[in-house]
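# please work out how this folds:
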Amino acid sequence: MTRSNRVPDGYKASGVDIAEADAGLRNIIARVTATWPKTGFGAVQLPIGYFANVVDIGGTGLALCTDGVGSKAIVAQMTGKYDTVGIDCVAMNVNDLLCVGAKPVSMVDYIAIDRADAAVLDGIAIGLAEGARQAGVSISGGEISQLPDMVKGFDLVGTAIGTVALDRILVGRDIVPGDRVIGIASNGIHSNGFTLARRAFFERARVSVDHVFAELGHPLGEELLRPTYIYVPEILEILDKIASVKALIHITGDGFLNLPRVAAEIGFIVDDLPAPPPIFDLIEEHAGVERAEMYEVYNMGIGFCVILAEHDADSALAILKRQGRDARVIGYAVADRTKSVYLPQQRLIGTGKRFRPE
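As a prediction, this is how the structure comes out:
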């Protein structure tokens, strides 16, 4: 595809304006942080911006986060298959809890739907239960709201809690140059970037969910609905057995630009990435976006990262292999006050929310 066919900022053109959302978020943060107790029971331990937060509950750290499946729900509607998006809802939450060093415990869900459909709700519940089983958590409650005037189809969101010792909260404060970044494989595009993916396939390429691309070998809808991996068992084992873990990073929206969401003034050179699964090349081709934007939006085949001391990398990889995960050292930390991410294989440098050519 020629450069003239490329769409500048294709995600924004698809209807998702990240910059405007960030501006709104700044206003929200200013207001909600005014509610925080300064000390004692209920004191909030972290600034907003990490994957989850932690509240002091009488000396115990209660970790909390919330997330949903986004417009992956629309693909579920298009295929008529609802029994996997619940896994995604659990995954997006429990994986975020892991990033502050917490052990996930329980979650609640919120389903907004245009009209109650018992079969659809049962399908969602099947996925929620399977996700909870994989994560070792309970689904302790939830809410169903019928909103025909507001919702077309359904939306699925969860809120999860976990526990972490107050002196063991992970935020990447101790990362030093030379620490290794282990990348753990994703299961496709997981639960981010679906607005752009849907635009690429269903508007620009004008294919259906039943279309079989030769590169995939199976229906497009099946590929898009691959459930987000839940990394709880292997990460909890790593936390239990390896003392030098410095940070845990869930590679979601913003892709590898999630790596600098740590307290240390540190950058990352990510120089040994595996080839992205074919779904990403297909999105890039049919959306008409630059490769830089793909790395801003998608996980590109790596769903979770562990940052730890170099001498413990092999031990962590052995745990991941035993747990059935495909993982490798993909890079390392470097001194960098700009907290940039360098992708030499792709000739990209990322700072803030953007990658640019070298």
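
# helix, strand or coil for the most centrally placed residue in the chain?
When the chain is reduced to its mean C-alpha position, the nearest residue by Cα atoms, centre = their mean turns out to be Thr252, at 2.6 Å. Secondary structure, DSSP: H, G, I helix; E, B strand; the rest coil: Thr252 is coil.

# hang on, it packs against Arg261?
No. Counting by Cβ atoms under 8 Å, Thr252 stays clear of Arg261, with 10.5 Å between them. Where you see a C-beta, it was placed from the backbone N, CA and C, and this is true even at glycine.

# could you report the neighbour count for the residue nearest to Leu320 when sequence neighbours are not counted?
Counting by Cβ to Cβ, 6 or more residues apart in numbering, the nearest residue to Leu320 once its immediate chain neighbours are dropped is Ala327, at 4.2 Å. Here the number of neighbours of Ala327 (other Cβ atoms under 10 Å) works out to 21.

# same question, Pro219
Under the criterion other Cβ under 10 Å, the count of neighbours that Pro219 has is 16.

# the residue nearest to the centre of the chain and Tyr298, how far apart?
When distance is defined by Cβ to Cβ, to the nearest Å, Thr252 is 9 Å away from Tyr298.

# quick check: neighbours shared by the two?
Contact with both Thr252 and Tyr298 is made by residues Asn192, according to Cβ atoms under 8 Å, 6 or more residues apart in numbering.

# helices along the chain, start to end?
In the chain, the segments counted as helices under DSSP state H are 10-13, 18-32, 72-79, 85-98, 118-135, 194-198, 220-224, 232-241, 278-287, 291-297, 313-322.

# and Pro104, how far is that from Ala160?
Distance, Pro104 to Ala160, by Cβ to Cβ: 6 Å.

# one more: Thr79?
Summarising the geometry, the distance separating Thr79 from Ala160, computed by Cβ to Cβ, is 26 Å.

# pretty sure Gly59 sits against Leu166.
Yes. Counting by Cβ under 8 Å, Leu166 is a contact partner of Gly59 at 7.0 Å.

# okay, these two: which has more neighbours?
Leu166 (15 against 8).

# so what's the more buried one closest to, chain neighbours aside?
Excluding the flanking residues, the one nearest Leu166 by Cβ to Cβ, 6+ apart is Gly61, at 4.7 Å.

# which residues touch the one you found?
Gln45, Val54, Val55, Ala102, Thr163, Val164, Ala165, Leu166, Arg168, Ile169.

# for those residues, give me TSV that also has distance to Val341 and pLDDT.
Supplementary listing: these in TSV, determined by distance: Cβ to Cβ, whole Å; pLDDT from 0 to 100:
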residue	distance to Val341	pLDDT
Gln45	26	97
Val54	26	98
Val55	30	98
Ala102	25	98
Thr163	31	98
Val164	26	98
Ala165	30	98
Leu166	30	97
Arg168	26	97
Ile169	23	98
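
# out of those residues, which end up buried?
For the contacts of Gly61, a neighbour count by 16 or more other Cβ atoms under 10 Å gives the buried set as Gln45, Val54, Val55, Ala102, Thr163, Val164, Ile169.

# farthest pair in the residues you listed?
Gln45 and Thr163 (12.7 Å; Cβ to Cβ).

# shaky segments in the stretch 251-358 of the chain?
Residues of the stretch 251-358 of the chain meeting the criterion pLDDT under 70: none.

# now the strands for it?
266-270, 302-308, 327-335, 341-343, 348-351, 354-357 (DSSP state E, counting those that start in this stretch).

# just name the most buried of these.
strand 302-308 (a mean of 26; mean count of other Cβ atoms under 10 Å).
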